[in-house]
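Novice: I'd like to go over a predicted model; first the sequence, then the structure.
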Amino acid sequence: MLPRRLISGLLATCALLSPLASRVASAAETTPLGIYAVKIAGTSAGEPHARTYVGIQLLQTPIWAGPVVQVNGPRLTFNGVSELLYDAAKEYYIHVMDGPGAGLIARIVANEGTSILCDQDLTTWMPQGTRFWIRPNPRLIDLFGADNRFGFASGPDAAQADKVVLWDSVAQEERVYYFNSTRSQWEERGTEGNAGNTPVRYPNGLYIVRHSSASLRIALKGEVSEDPVLLRVREGANVFSLPVNLSASLGNLVTSTGPFSVKSGKNAAQADILSFFDPAGLAERGPFYYRSRNNDTGWQAVGANDSEAPLQPLDMLSTLVLQHQGEDSYIRLNPDFTAPPGGPFVPPADPDQGELPLEVEMPNLFNAQNVPPWLDIVIILETSSDLVNWNPIARPFGPNERILFQLPPGESRAFYRLRVL
């Protein structure tokens, strides 16, 4: 049997210096990946369209993780920049893991060989030694397929098709995309040309506008992250994906006091307004605000003397719609992988008639390139619906073997990881 310290080192390498590195090292398991199904609602009687909010909580695989060596305004220098494997068709961002800027997201605008240039001054956010990730933003084709794999209604123009809407919080306007049936490609409304490489910039969310009465199920996948997120909030409307939080409620997800907190007020008219939409598109929680007045502070439902509703668990894959007044600011959201006393919220299976199982492939990190043939490794796949309770798939796998499994019809989410026995 392979010694555990060799297993731990191998797994830590395969997991790309995961934020779960301590868990990897002690338990010989890889960073959890996840997949979740979103039921895109069809139209109701008499309604011309239906809107479903979609959060992008599961992230693209990072290409680098480590400390910064030097910060000079928007320019970062760190070891290994020239060796990074950038894809010219993708847009990348940094995600700060610790220090005063923990959770900050900054877009990379240039790779200069020995440094990278970001879209904002990072001097006060990232002292020397601050750790950060580099990840690609998902593109429309990464989420929905270059061939429109989930079957959104297409059309010769946007008026006749389902729409993927990215909210531009700076301009306070929609950017609308659809699948063009004539040219068989994703396009932006009013503009010819392939828009499939359009990035969906983390931590922004999006929404789907559907014109058919039939519901549609799509599946999104990626890596689970335990890092905090600083939301850059603009005046007006903002649409955000929430970080994964197993006991998500307003009280332990959104910072309400101190730096990077929501704007509070004596009443809703003076405060940030927060509404949450679950990934099934069926329920809205809120709107809520944080009330601050003498001897009466805390989360409240707008228009109701209700302090209990904000304490109820949110679906951990919800999308946040935030209405902000005043100057641009930052709000810190805190992931949490500690299970609440009653267990994490897991929605029940909701299969449509005739729906087939969803087939999932788990990348096998153990192959001939990183596992010498003399190492006797036995791998099992573990799955979970809540990131707390894990169940093994009965059959063990070997290095280089393709790892496939299925989600039962109507199952809304699954997380999965590899463990070395």
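Specialist: Thanks, I have it.
Novice: mind showing which ranges of the stretch 201-350 of the chain have poor pLDDT?
Specialist: 280-283, 305-307 (pLDDT under 70).
Novice: how about the helices in it?
Specialist: 250-253 (DSSP state H, counting those that start in this stretch).
Novice: Now do Ile56, the pLDDT please.
Specialist: Here the pLDDT value assigned to Ile56 is 90.
Novice: Please name the residues that touch it.
Specialist: By C-beta atoms under 8 Å, 6 or more residues apart in numbering, Ile56 lies in contact with Pro138, Leu143, Val200, Tyr202, Pro203, Asn204, Gly205, Leu206, Leu220, Gly222, Ser241. Every residue, glycine included, has its C-beta placed from N, CA and C.
Novice: Roughly how far does it sit from Gly343?
Specialist: Distance, Ile56 to Gly343, using C-beta to C-beta, to the nearest Å: 25 Å.
Novice: tell me the contacts of the residue lying closest to Pro243 once chain neighbours are set aside?
Specialist: Using C-beta to C-beta, 6 or more residues apart in numbering and skipping residues adjacent in sequence, the residue nearest Pro243 is Pro335, 4.2 Å away. By C-beta under 8 Å, 6+ apart, Pro335 lies in contact with Ser225, Glu226, Asp227, Pro228, Val229, Pro243, Val244, Asn245.
Novice: just the buried members of those?
Specialist: Ser225, Glu226, Asp227, Pro228, Val229, Pro243, Val244, Asn245 (16 or more other C-beta atoms under 10 Å).
Novice: Next, give phi and psi for the second one.
Specialist: With angles defined as degrees, to the nearest 10, Glu226 sits at phi -110, psi 10.
Novice: was I right about it contacting Thr338?
Specialist: No. With contacts counted by C-beta atoms under 8 Å, Glu226 stays clear of Thr338, the gap being 10.8 Å.
Novice: Now flag whichever of the buried ones among the contacts of Pro335 is closest to Glu29.
Specialist: Within these, the smallest distance to Glu29 is 14.3 Å, found for Glu226 (C-beta to C-beta).
Novice: circling back: in TSV, list the contacts of Pro335 along with distance to Trp125.
Specialist: Listed next are the contacts of Pro335 as TSV, based on distance: C-beta to C-beta, whole Å:
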residue	distance to Trp125
Ser225	18
Glu226	20
Asp227	14
Pro228	13
Val229	14
Pro243	18
Val244	23
Asn245	23
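Novice: Sitting in strands, which of those do you find?
Specialist: Val229 (DSSP state E).
Novice: list the contacts for the residue nearest the centre of the chain?
Specialist: With distances taken as C-alpha atoms, centre = their mean, the chain has Gln57 as the residue nearest its mean C-alpha position (1.6 Å). Counting by C-beta under 8 Å, 6+ apart, Gln57 makes contact with Gly222, Ser241, Leu242, Pro243, Val244, Met316, Leu317.
Novice: Give me the phi and psi for the last one.
Specialist: In other words, Leu317. Taking degrees, to the nearest 10 as the convention, Leu317 sits at phi -110, psi 30.
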